[in-house]
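Novice: Starting from these lines, generate the structure:
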Amino acid sequence: MRIFLCGGGCGQQTVDANKKLNEVIDHNKPILYIPLAMPSERYPSCYEWVKDELKGIDVPNIDMVVSGTDLFNKNLENYSALFIGGGNTFKLLKDLKDSGSFEKIKVFIENNGIVFGGSAGAIILGQCIDTCKYADKNEVDLKDLMGFDVVSHFSFLCHFTNQDEEKTKLNKNYLLELSKKEKIIALPEEDTIYYENGKFEIIGNRPFYIFEEGNIISYNVNQDRLTEFLKLNSDTDLMNFMNQNITYDWKDCNQGLHFNNLKGFRESYRISSINEMLETGLGTCIEQAKLIKYFLQKGNQVQLSTKKEISTNEMADIQNFIKYYGQLVVFLSSATISKHSSVEPNTDEPQKRFRTFRLKKELGIPTVLYIKPVLQGITINDVEEYKEVIRNYGIQDVVVGSLFTEQQNSETVHFSNENKLFYNPVSDEEVIKRQLSECARVYTRSSQVMQQYREKELSER
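Specialist: Just a heads-up that it's a prediction; the model follows:
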């Protein structure tokens, strides 16, 4: 499949993306323009716009459909590409599904067809269009919000950071919460992603944003991550840097970038150097382990937080760089066991991830059960199962805590002096702490655990 995801720009913003489109299409077939996201009375002006927008594309003609039924009756194999324009995402998806055209386009994509989606046209190519809750109004009362899901299971939002500060903040906060159940890419108008068989090509020079598990990572091909990395001084600095700059993804031997997709990993993955990882912003456990070694060699404490299983083989090499017990501490994150598939999709299932706790017995690396964030009404239902995990693996330390939010409180975050995030515990948190304290030491923050090991090391010198 060959997919273009345009952040909603046009004219000069899409010159390079259109050049790429012209490189890959069959020049003997026309392009089919789908303006169904727009009101029907605007179709004539939309057609004039798209002819000007694609004037540099070498094709015999640009055809346009004027309804979902019109689209359904087209033989898509007669076209070199489909160009799905912007407008109201809910209207667009409803027209496609009601007319049966959705399935026709899906078959076209699966048969290696080319689709260029701009704005709403890009959003529907993702996993779900719930991302545009504040971007569009669902005036057509669409119930089924699932998109084509053809780009590594990402959902998308467009025009991100091109609107006013208040709208950007509203979308950002919403996507942070939504990302706990789905991975999201938010694109500015100036960027287009070209996706082909699992590989991503970034066209544009403005940062786009990946939202995952309540975190946001700014991805910019021109970002100077090396300079930022060399300024880091502590394990907290390192963890914050990795959370904000390194995605758990990979680069292949042909320089292709792969996000949220392991297709071809075994055949074409190659280990990147630290400089390459900092250049691309992509890193598997292997590359991220190099960052950890760098800090261990400097004598820093390092805390490694993960939702994936870490095997003893992956950590065996790192073990040689550890100077004292507790210099490296692994925090195994789990917010729920019973609701894992819906709350923490695309992560290792809990029982597999819990095997990471073997690191303490087999390699002497402390491991901590990290129950954060506590999900009100969800996490508490798994307390007895967490107790069993603690007993089975001999876990000594557990961190239980709620999310940091922008709701002002007397207690701000401990890793920033900007006073933008505040600690607002949910009521279930204290109940869970009391119950788990029966079988382990329970903390509110990971820094408290790290401090305990540091003080112990200093006292034993």
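
Novice: tell me the contacts of the closest residue to Lys51 other than its chain neighbours?
Specialist: Sequence neighbours aside, Ile62 is the residue nearest to Lys51 in space, at 5.8 Å (criterion: Cβ to Cβ, 6 or more residues apart in numbering). C-beta: built from backbone N, CA, C; applies to glycine. Ile62 makes contacts with 30-33, 47, 50-51, 54, 83, as judged by Cβ atoms under 8 Å, 6 or more residues apart in numbering.

Novice: now, which of the residues you listed sits nearest Asn111?
Specialist: Leu32 (14.7 Å; Cβ to Cβ).

Novice: List the residues that contact that closest one.
Specialist: With Cβ under 8 Å, 6+ apart, Leu32 has these contacts: 62-65, 74, 76, 79, 81-83.

Novice: Now with 6 Å, please.
Specialist: Neighbouring residues of Leu32 by Cβ atoms under 6 Å, 6 or more residues apart in numbering: 63, 79, 82.

Novice: can I assume it sits in a strand?
Specialist: Yes: assessed with DSSP: H, G, I helix; E, B strand; the rest coil, Leu32 lies in a strand.

Novice: quick one on the thing from earlier: and the gap between the residue nearest to Lys51 and Trp49?
Specialist: Remark: distance between Ile62 and Trp49 (Cβ to Cβ, to the nearest Å) = 11 Å.

Novice: In space, what's closest to Ser234 - neighbours in sequence excluded?
Specialist: Asn300 (6.2 Å).

Novice: Give the helix, strand or coil label for the one you found.
Specialist: Applying three-state DSSP: Asn300 is coil.

Novice: just Tyr174 next, same as before
Specialist: helix.

Novice: pLDDT at it, what is it?
Specialist: pLDDT for Tyr174: 95.

Novice: list the contacts for it?
Specialist: Tyr174 touches nothing, counting by Cβ under 6 Å, 6+ apart.

Novice: Pull up the gap between it and Cys128, please.
Specialist: Remark: distance between Tyr174 and Cys128 (Cβ to Cβ) = 13 Å.

Novice: ok, now how distant is Gln448 from Asp237?
Specialist: Counting by Cβ to Cβ, the separation of Gln448 from Asp237 is 18 Å.

Novice: and stretch 386-399, which residues are buried?
Specialist: Buried residues in stretch 386-399, defined by neighbour count with 16 or more other Cβ atoms under 10 Å: 386-387, 389-390, 393, 395, 397-399.

Novice: which ones among the residues you listed are found in helices?
Specialist: Among the buried residues of stretch 386-399, the ones falling in helices (DSSP state H) are 386-387, 389-390, 393.

Novice: Dump the residues you listed to a markdown table, plus distance to Ile105 and pLDDT.
Specialist: Output for those, formatted as a markdown table (distance: Cβ to Cβ, whole Å; pLDDT from 0 to 100):
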| residue | distance to Ile105 | pLDDT |
| --- | --- | --- |
| Tyr386 | 45 | 97 |
| Lys387 | 50 | 97 |
| Val389 | 45 | 96 |
| Ile390 | 50 | 96 |
| Tyr393 | 48 | 95 |
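
Novice: Count the neighbours of Glu385 for me.
Specialist: When neighbours are defined as other Cβ atoms under 10 Å, Glu385 has 15 of them.

Novice: Name the nearest residue to it, ignoring sequence neighbours.
Specialist: Nearest non-adjacent residue to Glu385 (Cβ to Cβ, 6+ apart): Ile337, at 5.0 Å.

Novice: Which positions within stretch 120-137 qualify as buried?
Specialist: Neighbour-count burial for stretch 120-137 flags 120-133, 135-136 (criterion: 16+ other Cβ under 10 Å).

Novice: The stretch 351-461 of the chain: strands as residue ranges?
Specialist: Counting by DSSP state E, counting those that start in this stretch, the stretch 351-461 of the chain has these strands, from start to end: 367-371, 397-400, 404-405, 422-423, 441-443.

Novice: And the ones you listed: which comes nearest Lys308?
Specialist: strand 367-371 (12.9 Å).

Novice: Contact partners for Gly85?
Specialist: With contact set as Cβ under 6 Å, 6+ apart, Gly85 has these partners: 35, 118, 121.

Novice: which of these lies closest to Ile202?
Specialist: Nearest to Ile202 out of the contacts of Gly85 is Gly118 (Cβ to Cβ; 16.4 Å).

Novice: Look up which residues are beta-bridged to the closest one.
Specialist: Beta bridges link Gly118 to Cys6 when assigned by DSSP bridges.

Novice: thinking it is in contact with Gly7, fair?
Specialist: No: the criterion here is Cβ atoms under 6 Å, and Gly118 misses it with Gly7 at 8.2 Å.

Novice: Count the neighbours of Asp224 for me.
Specialist: Neighbourhood size, Asp224 [other Cβ under 10 Å]: 10.

Novice: Is Phe331 in contact with Lys372, as I believe?
Specialist: No: judged on Cβ under 6 Å, Phe331 makes no contact with Lys372 at a distance of 8.8 Å.

Novice: before we move on, the earlier item: list only buried entries from the contacts of Leu32.
Specialist: Taking 16+ other Cβ under 10 Å as the criterion, what is buried in the contacts of Leu32 is 63, 79, 82.

Novice: Quick check: the second one vs Asp26, distance?
Specialist: This means Tyr79. Counting by Cβ to Cβ - Tyr79 and Asp26 are separated by 9 Å.

Novice: Work out for me the element Gly87 sits within.
Specialist: Gly87 belongs to no helix or strand when assigned by DSSP states H and E.

Novice: Name all residues that make contact with it.
Specialist: Contact analysis of Gly87 by Cβ under 6 Å, 6+ apart lists 37-38, 120.

Novice: Which positions within stretch 91-104 qualify as buried?
Specialist: 91-97, 99, 101-102, 104.

Novice: Give the bridge partners for Phe83, please.
Specialist: Applying DSSP bridges, one finds that Phe83 bridges with Tyr33, Phe116.

Novice: My guess is it contacts Pro30. True?
Specialist: No: Phe83 is not in contact with Pro30 according to Cβ under 6 Å; the separation is 10.5 Å.

Novice: Let me know how buried Tyr453 is, in neighbour terms.
Specialist: Around Tyr453 there are 19 residues (other Cβ under 10 Å).

Novice: which non-adjacent residue is nearest it?
Specialist: Gly326 (2.7 Å).

Novice: any idea whether that neighbour is helix, strand or coil?
Specialist: What three-state DSSP gives for Gly326 is coil.

Novice: show me what contacts it?
Specialist: If you count contacts by Cβ under 6 Å, 6+ apart, Gly326 has them with 366, 453, 457.
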